[in-house]
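Trainee: I'll drop the sequence and a predicted model, then ask my questions.
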Amino acid sequence: MATAQGDDLACQELVEIITEYLEGTLSDAERERFESHLEICEGCRRYLDQMRTTIRVIGRLTEEDRDPAAKDQLLQLFREWNRT
Amino acid sequence: MLTGEGTSPADAAGDFRTDDEQLLLGLRRHDEQAFAALVDRYHARLVRLASLFVANQAVAEEVAQETWIGVLQGIDRFAERSSFRTWLFRILTNQAKRRGQREARSVPFAAFSPQADADDAECAVEPERFLPAGDEWAEHWVSYPSNWRETPEERFLSDETRALVQQAIDALPLNQRIVITLRDVEGIPSTEVCNVLAISETNQRVLLHRARSKVRGQLERYLEER
């Protein structure tokens, strides 16, 4: 039986430490426990994949919306600064 | 690639940094082109970040402009102990703070006090999605999350999805919104986010975790609507 082995991480616990996993702040032992659980749990592999995809989509939100008037004003400031 | 290693935007920050360093060198030589390029790269982002801290768009624009003045005035003293981006965002948050004090408006920095997030125990995923205590498989998934690798990549890149994700971020509590914006939208390394906001690594990570978990949840609901 694979159930409730003493050191198996529960899925419900994994979803709470996933950010520490992704940010690389788990201890070696915790990371091993995390990764061992992933090996046996399709659900958590999918969850991790969803989280990575979410972060990737968030990373694409910065579209350059330029404001030419603001830029002109800033370049004016720059020229004033440059003269002083 | 849809997934795989190194999906954190911070991992792609290397290019950014090299370009910033070139432009910084130009700026130190008073090169207007370099300044213009930095403005193109960062001004809209400064305005967006400032708008998280101050009352309205007009004030956010002013804070962003004051930030550039701060850059010009401080460039000779900038010792590059942090990246240019971190330095820039730190000037912005300081300007925003000062502006908040001047207008006697309560700025959201209080939102970063340790108590602000210690009092509620939010779950990343609804508890009902895990089997209850007493079950042989207690705390394991009732049913697996769906496999996003089967979702076409265009779905994730669509304007509709991006708008949904932006809305999910806008709906977060302010301290979480600020942290996820700096860390994941702007791709600033977590140590630098702590630095910019003057919060502990743990505090930052808790806020980031809650923010990311909620945005994932919204994205999941949206993808499974149809």
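Mentor: Yep, that arrived.
Trainee: what's next to the worst-scoring helix or strand of chain A on mean pLDDT, contact-wise?
Mentor: Counting by mean pLDDT, DSSP states H and E, chain A has its least confident helix or strand at helix A:68-83, which shows a mean of 91. Residues from elsewhere that reach helix A:68-83 (CB atoms under 8 Å, 6 or more residues apart in numbering or on different chains): B:30, B:32, B:35-36, B:39-40, B:43, B:47, B:61, B:64-65, B:68-69, B:72-73. Placement of C-beta: from N, CA and C, glycine included.
Trainee: Need the CA coordinates for whichever helix or strand B:Arg205 is part of. CSV is fine.
Mentor: Using DSSP states H and E, B:Arg205 sits within helix B:201-223. Output of helix B:201-223 as CSV, limited to C-alpha atoms (Å, rounded to 0.1, in the frame of the first residue of the first chain):
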residue,chain,number,x,y,z
GLU,B,201,12.0,37.4,3.0
THR,B,202,9.4,35.3,4.9
ASN,B,203,6.8,38.1,4.7
GLN,B,204,7.5,38.5,1.0
ARG,B,205,7.2,34.8,0.3
VAL,B,206,3.9,34.5,2.2
LEU,B,207,2.4,37.3,0.3
LEU,B,208,3.7,36.0,-3.0
HIS,B,209,2.4,32.5,-2.2
ARG,B,210,-1.1,33.8,-1.5
ALA,B,211,-1.1,36.0,-4.5
ARG,B,212,0.2,33.3,-6.9
SER,B,213,-2.2,30.7,-5.5
LYS,B,214,-5.2,33.0,-6.1
VAL,B,215,-4.2,33.9,-9.6
ARG,B,216,-3.7,30.3,-10.4
GLY,B,217,-7.2,29.5,-9.0
GLN,B,218,-8.8,32.3,-11.1
LEU,B,219,-7.0,31.0,-14.2
GLU,B,220,-8.1,27.5,-13.5
ARG,B,221,-11.7,28.5,-13.1
TYR,B,222,-11.6,30.5,-16.3
LEU,B,223,-10.0,27.7,-18.4
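Trainee: how about that helix, does it reach chain A?
Mentor: Yes. Among the residues of helix B:201-223, B:Glu201, B:Arg205, B:Leu208, B:His209, B:Arg212, B:Ser213, B:Val215, B:Arg216, B:Leu219, B:Glu220 lie within reach of chain A under CB under 8 Å from any CB of the partner chain.
Trainee: so how far is that helix off the chain centroid?
Mentor: On the basis of CA atoms, centre = their mean, to the nearest Å, helix B:201-223 sits 11 Å off its chain's mean C-alpha point.
Trainee: ok, and for stretch A:57-75, which residues are buried?
Mentor: A:Val57, A:Ile58, A:Gly59, A:Leu61, A:Thr62, A:Ala70, A:Leu74 (16 or more other CB atoms under 10 Å in any protein chain shown).
Trainee: Spatially central residue for chain B, please.
Mentor: The centroid of chain B falls nearest to B:Thr181 when counting by CA atoms, centre = their mean (1.7 Å).
Trainee: ok, now how distant is that residue from B:Ile188?
Mentor: 9 Å (CB to CB, to the nearest Å).
Trainee: Show the contacting residues for B:Arg155.
Mentor: Taking CB under 8 Å, 6+ apart, one finds B:Thr161, B:Leu223 in contact with B:Arg155.
Trainee: Wasn't it part of a helix?
Mentor: Yes. Looking at B:Arg155 with DSSP: H, G, I helix; E, B strand; the rest coil, it is inside a helix.
Trainee: For A:Val57, see how far away it is.
Mentor: Computed as CB to CB, the B:Arg155 to A:Val57 distance reads 10 Å.
Trainee: hey, what's in contact with both of these two?
Mentor: Joint contacts of B:Arg155 and A:Val57 (CB under 8 Å, 6+ apart) are B:Thr161.
Trainee: Any regions of chain A where pLDDT drops low?
Mentor: Chain A contains residues with pLDDT under 70 at A:1-7, A:63-66.
Trainee: List the residues that contact the closest residue to B:Asp184 other than its chain neighbours.
Mentor: In space, and not counting its chain neighbours, B:Asp184 is closest to A:Ile58: 4.3 Å by CB to CB, 6 or more residues apart in numbering or on different chains. A:Ile58 is in contact with B:Pro9, B:Val165, B:Ile169, B:Ile180, B:Asp184, B:Val185, B:Arg212, B:Val215, counting by CB under 8 Å, 6+ apart.
Trainee: Can you report how many residues lie near the second one?
Mentor: When you say that, I think you mean B:Val165. 22 (other CB atoms under 10 Å in any protein chain shown).
Trainee: Show the backbone phi and psi for it.
Mentor: With angles defined as degrees, to the nearest 10, B:Val165 sits at phi -70, psi -40.
Trainee: So the nearest residue to it once chain neighbours are set aside: helix, strand or coil?
Mentor: Nearest residue to B:Val165, sequence neighbours excluded (CB to CB, 6+ apart): A:Val57, at 5.4 Å. Using three-state DSSP, the structure places A:Val57 in helix.
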